[in-house]
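Student: Build me a model:
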Amino acid sequence: MDIRSTITTLLRDGFILVFNQDKLDVVKTAEALIKAGVNNMEVTCRIKKPLENLARLRKELPDFSAGSASLIDSPRMLDVYNKAHPQDPLPSVAQVIEAGACYLVSAINFSDAGFEEFAGRIPMIPGCGSATEVVSQFSKGANLCKIFPAKQLGGPAFVKAIDPAVHKTISLVPTGGTNADNIPDYINAGVLVLGASFSMIEKPVMKKIVDEQDYELLAGELRKIKELIDKLRREKYPNIDFASASIEQISQVTGRNFNIP
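Tutor: I've put the predicted structure just below:
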């Protein structure tokens, strides 16, 4: 799965689920997403055994775009953390790529060394908290820029405020506090892809999903989100079908550049 096909998948999906739930099965969750019409998911390094989960997902569902998230692109911090947590170490960017990651997501910026080694080879979505960081990371090779923590930064209002400053050229992926109530505002602000965790599902429903391992119910909840995003994007961009459009077509209609080599 190359960089072009992966970014195409993300743009067609319009949604990245943050898999941060140890009590759910990673493959069954991905299958629920597929039933909901979503063909990607990021596996965070905050769960137990992230490399094993990622490798298993890639092996069992090779056509599914499995990303790796909560990456810390800092050898020094990895060394400090892993010495303190030898039983559950935090993997490096190189390790998750070796395990099969189709794209990379971080809550923070990627390093210059990381961009030099991996930009253009695999999609990179760094975490950014300002217009300066967005432009800087994009200039180094980021394909999309994650706005995190989106809720605490100001939500849709923050995205709407900084987007003109970056000339509405870079695709922003708000993550953190995303839900059905604010998704319309994010889409209206120009967002093409949203990141969200299981917290977007009502707590009683999510408890039932976890307690009963009800992946059909999970698929139904995820389908609601996907259908909402699809509806809102159709209304904002009536001249394009995201389900079949190429990166070039999406770029032409939306004005966004995705740093494809």
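
Student: Tell me the buried residues in the helix ranked longest in the chain?
Tutor: In the chain, taking DSSP state H as the definition, the longest helix is helix 215-236. If you call a residue buried by 16 or more other CB atoms under 10 Å, then helix 215-236 has these buried ones: 215, 217-219, 221-223, 225-226, 228-230, 232-233, 236. C-beta: built from backbone N, CA, C; applies to glycine.

Student: after that helix, next one along is what?
Tutor: helix 247-254 (DSSP states H and E).

Student: between the longest helix of the chain and helix 247-254, what angle do the directions make?
Tutor: Per axes from the mean of the first three to the mean of the last three CA atoms, to 10 degrees, the angle that helix 215-236 makes with helix 247-254 is 50 degrees.

Student: Which elements pack onto helix 215-236?
Tutor: In this structure, helix 215-236 makes packing contacts with strand 15-19, helix 26-36, helix 183-188, helix 203-212, judged by 3 or more CB pairs under 8 Å, 6 or more residues apart in numbering; DSSP states H and E.

Student: what's near enough to touch residue 250?
Tutor: Shown in contact with residue 250 (CB atoms under 8 Å, 6 or more residues apart in numbering): 11, 192, 240, 242, 256.

Student: could you redo the last one with a cut-off of 10 Å?
Tutor: By CB atoms under 10 Å, 6 or more residues apart in numbering, residue 250 lies in contact with 7-8, 11-12, 171, 192, 237, 240, 242, 256, 258.

Student: How about residue 206?
Tutor: 21, 24, 198-200, 217-218, 221.

Student: if we go to 8 Å?
Tutor: 198-199.

Student: cool, and residue 11?
Tutor: By CB under 8 Å, 6+ apart, the contact list for residue 11 reads 192-193, 242, 245, 247, 250, 258.

Student: Now residue 137: which helix or strand?
Tutor: Per DSSP H and E: residue 137 is located in helix 131-140.

Student: swap in residue 12?
Tutor: According to DSSP H and E, residue 12 maps onto helix 3-13.

Student: what do you get for residue 69?
Tutor: For residue 69, the host element (DSSP H and E) is strand 65-71.

Student: average pLDDT for that strand?
Tutor: Summarised as a single mean, pLDDT over strand 65-71 is 97.

Student: That one pairs with which strands, and in what direction?
Tutor: strand 40-44 (parallel), strand 104-106 (parallel) (DSSP bridges).

Student: returning to that earlier point: most tightly surrounded among the helices and strands packed on helix 215-236?
Tutor: For the helices and strands packed on helix 215-236, the largest average neighbour count (mean count of other CB atoms under 10 Å) is found in strand 15-19, namely a mean of 26.

Student: Each with direction, which strands does that strand pair with?
Tutor: Using DSSP bridges, the strands paired with strand 15-19 are strand 40-44 (parallel), strand 194-196 (parallel).
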